[in-house]
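Colleague: Turn this into a model:
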Amino acid sequence: MKWILAAALLLPLISVSCSELLEPADAPDFGGDAGRGKEKIAYYGCGSCHTIPGVIGAQGLLGPPLTGVGNRVYLTGVLLNNSDNMALWIQNPQAVNQLTVMPNLHVTPGDANDIASYLTSLR
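Modeller: Take a look at the predicted model:
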């Protein structure tokens, strides 16, 4: 009986936590330009590893497809999908996961914001 009462008391907290997790992907503010981001995706060669809708030639199969990435709650399986985390991952993937095969392409902060803006539009 105590477990049922404890679960009933925690349920509202769990619901609040889940809605907070969904909020960053629902209303991102990357401060970048999606049009430039699309160009920068091609410039940095992201499509060599990823399939990215709307980017000509972006049919890579090494990394995960980025279709619908704007709807995802997590990036890389560990980061909440928000502007700071997306830019961090794009700029320096090894800072997030030392074992990742995603290369550090030395993307500038401005370009990372633009790329994040485009990727977030993929819903």
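Colleague: Taking the centroid of this protein, which residue is nearest it?
Modeller: residue 75 (4.2 Å; C-alpha atoms, centre = their mean).
Colleague: For that one, give me the backbone phi and psi.
Modeller: Residue 75 has phi and psi values of phi -110, psi 140 when expressed as degrees, to the nearest 10.
Colleague: what about the helices in the protein?
Modeller: 2-26, 34-44, 83-91, 93-96, 109-120 (DSSP state H).
Colleague: packing partners for the second one?
Modeller: Read it as helix 34-44. Using 3 or more C-beta pairs under 8 Å, 6 or more residues apart in numbering; DSSP states H and E, the elements in contact with helix 34-44 are helix 109-120. Every residue, glycine included, has its C-beta placed from N, CA and C.
Colleague: Find the nearest non-adjacent residue to residue 72, please.
Modeller: Nearest non-adjacent residue to residue 72, counting by C-beta to C-beta, 6 or more residues apart in numbering: residue 81, 5.3 Å away.
Colleague: which residues touch the closest residue to residue 93 other than its chain neighbours?
Modeller: The shortest distance from residue 93 to any non-neighbouring residue, by C-beta to C-beta, 6+ apart, is to residue 102 (4.2 Å). Listed by C-beta atoms under 8 Å, 6 or more residues apart in numbering, the contact set of residue 102 reads 49, 63, 93.
Colleague: On the pLDDT front, check the residue nearest to the centre of the chain for me.
Modeller: As predicted, residue 75 sits at a pLDDT of 93.
Colleague: With residue 87 instead?
Modeller: Looking at residue 87, its pLDDT reads 85.
Colleague: ok, now how distant is the nearest residue to it once chain neighbours are set aside from residue 89?
Modeller: Excluding its sequence neighbours, the residue lying closest to residue 87 (C-beta to C-beta, 6+ apart) is residue 112, at 4.3 Å. According to C-beta to C-beta, to the nearest Å, residue 112 stands 9 Å off from residue 89.
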